[in-house]
Structures are given as C-alpha cells and as structure tokens.
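J.: my questions are about this predicted structure, shown below with the sequence.
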Amino acid sequence: MTGSPNLIALVDGNNFYVSCERVFRPDSIGKPVAVLSNNDGILVARSQEIKALGIKMGTPVFQIQHLIKQHNIQLFSSNYTLYADMSSRVMSILEEFAPYSEVY
C-alpha cells in the first residue's frame with residue numbers, strides 16, 4: 001500500500017438548532033433552551049441544560065409546563081430557513097478542508 005491512508009471525519013453540530021438560535025440570542029447561552037416543532041407543540045431540539053433536567057426529545061410542551069415555569073425554560077419556534085442557511089455556512093467551511101463530503 002502506498003500513499004496516505006483514506007481518512008473519514010464525521011461532523012455533528014451539537015444541539016444545532018439551539019446553537020443557531022443562540023447566535024442571535026447570546027443572552028440565552030447557559031440557560032435552558034428548547035426549539036419547538038412547526039406547530040410549537042413538541043421539543044425538536046434541546047440545550048444541554050434541558051437534557052440535564054431529564055427532558056427527552058419529542059416531549060410535548062403541555063407535559064412539561066411545570067418544568068418550563070420552574071426552570072424558566074426559553075422556548076423558540078423552529079426557523080428551518082435559518083438552520084438551513086447556518087448548515088450551508090458550516091458545510092462551506094468544512095469543504096475547505098475536505099474535498100469530498102456527503103451532507104445528511
């Protein structure tokens with residue numbers, strides 16, 4: 001075998017939707033934040049602070065109203081246009097380092 005071995009990198013944006021929201025809401029950094037589904041009924045993204053409370057992905061908002069009030073959880077409506085734009089920006093940076101990529 002000659003040459004360099006093939007390398008594979010897997011890149012995952014941790015709490016990506018929450019991270020996107022925090023770019024424009026830096027006051028929410030370090031606080032419990034969740035992003036809701038299209039109809040604002042279900043959690044589709046959770047900050048680390050929310051995960052630490054034991055709240056699971058896909059939890060309906062009505063089931064955790066007491067926790068939302070108790071922990072002052074900030075809820076954001078999903079903004080898929082923003083997330084797609086931010087994802088494209090991340091991918092363009094990664095493409096500078098990796099000539100071949102597959103976006104999921």
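T.: It's in.
J.: who's L75 bridged to?
T.: Beta bridges link L75 to A34, judged by DSSP bridges.
J.: what's near enough to touch it?
T.: 33-36, 40, 61, 68 (Cβ atoms under 8 Å, 6 or more residues apart in numbering). Where C-beta positions appear, they are placed from N, C-alpha and C, glycine not excepted.
J.: out of the residues you listed, who's nearest Y104?
T.: Of all those, V35 has the smallest distance to Y104: 18.8 Å, by Cβ to Cβ.
J.: thought the closest one was touching E21?
T.: Yes. Counting by Cβ atoms under 8 Å, V35 does reach E21; the two are 6.4 Å apart.
J.: any shared contact partners between those two?
T.: Taking Cβ under 8 Å, 6+ apart as the contact rule, V35 and E21 both touch F76.
J.: ok, back up a step: turn the contacts of L75 into CSV, columns for neighbour count, pLDDT and distance to Y83.
T.: Output for the contacts of L75, formatted as CSV (neighbours: other Cβ atoms under 10 Å; pLDDT from 0 to 100; distance: Cβ to Cβ, whole Å):
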residue, neighbour count, pLDDT, distance to Y83
V33, 24, 98, 14
A34, 26, 98, 14
V35, 24, 98, 9
L36, 17, 97, 13
D40, 12, 92, 16
V61, 16, 97, 19
I68, 15, 97, 22
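J.: of those residues, closest to S87?
T.: For the contacts of L75, the minimum distance to S87 (Cβ to Cβ) is 14.1 Å, reached by V35.
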